[in-house]
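Peer 1: next input, structure requested:
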Amino acid sequence: MNLDHVFVCGNPALDFAATLRARRSVRFEMFTTPGRLNAWHVESGLVDAVSPGQEADVEQARAVREAIYQLVTARRLGQEYDRAALTVVNNAARKPPAVPQLTPAGRWTQATPEEALSMVARHAVELLNGADVPLLKECGNPECTRTYIDRSRGMRRQWCGMDSCGNKIKAAAYRARKKTTPATSR
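Peer 2: Modelled structure (predicted):
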């Protein structure tokens, strides 16, 4: 079941924060049901399976997501952290994470929604205290509000991803140039 979750940010916490899309315009919520939230956790590769969740799990995930977004934005802009956002992320990170198990087929990680959310929160804590902080950038697409880790040569990456934003911006720029360039007559 592909729900079109996109993982282009370079860290699960950043991809998680990006599940509320287009924050400055028409917001698009990815976590509309417990099933969609669980699908994100599995598609992210953090866990292999998540036990069925409740609406309260979705509400908690949204709260953690918004706190992560606030903290990442503050860190990227060199601002102080919001205390309430710190509390939300730290409380989620304090919960026990899912524990991988070794099976005859390989590693298998079964999680509850709370365990999966703890893993995301722990990624946020590590990211915001780690070496990738200077590499945090916001997508150059004005409609996109994803923050990503720019590991490109010379830190010249402009978009969260070519498929999601880069091609759209390049195509729009091309159309705009074509519109303003007078047609040559023969």
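
Peer 1: every contact and neighbour count from this point should use C-alpha atoms.
Peer 2: Noted.

Peer 1: next up, the contacts around residue 59.
Peer 2: For residue 59, no contacting residues are found, by CA atoms under 8 Å, 6 or more residues apart in numbering.

Peer 1: next SSE downstream of the host helix or strand of it?
Peer 2: For residue 59, the host element (DSSP states H and E) is helix 55-77. The C-terminal neighbour of helix 55-77 among helices and strands, as given by DSSP H and E, is helix 83-94.

Peer 1: and the angle from that next one to helix 55-77?
Peer 2: 120 degrees (axes from the mean of the first three to the mean of the last three CA atoms, to 10 degrees).

Peer 1: okay, helix 83-94 in CSV with CA atoms only?
Peer 2: Only the C-alpha atoms of helix 83-94 are listed here, as CSV (Å, rounded to 0.1, in the frame of the first residue of the first chain):
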residue,chain,number,x,y,z
ARG,A,83,10.1,25.5,25.8
ALA,A,84,6.8,23.8,25.2
ALA,A,85,8.1,22.2,22.0
LEU,A,86,11.2,21.0,23.9
THR,A,87,8.9,19.3,26.5
VAL,A,88,6.8,17.6,23.8
VAL,A,89,9.8,16.1,22.0
ASN,A,90,11.6,15.2,25.1
ASN,A,91,8.6,13.5,26.6
ALA,A,92,8.1,11.4,23.4
ALA,A,93,11.8,10.5,23.4
ARG,A,94,11.7,9.3,27.0
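
Peer 1: for the record, mean pLDDT for the helix holding residue 59?
Peer 2: For helix 55-77, the mean per-residue pLDDT is 98.

Peer 1: name the residues of it that come out as buried.
Peer 2: Within helix 55-77, the residues scored as buried using 16 or more other CA atoms under 10 Å are 57-58, 60-73, 75-76.

Peer 1: repeat for stretch 87-106
Peer 2: 88, 89, 90, 92, 93, 95, 97, 98.

Peer 1: make sure residue 71 is actually in contact with residue 84.
Peer 2: No - counting by CA atoms under 8 Å, residue 71 does not reach residue 84; the two are 10.0 Å apart.

Peer 1: any low-confidence regions in this protein?
Peer 2: 1-4, 162, 164, 166-178, 181-186 (pLDDT under 70).

Peer 1: for it, which segments count as strands?
Peer 2: In the chain, the strands defined using DSSP state E lie at 20-21, 28-29, 49-50, 101-103, 106-108, 110-111, 136-138, 147-149.
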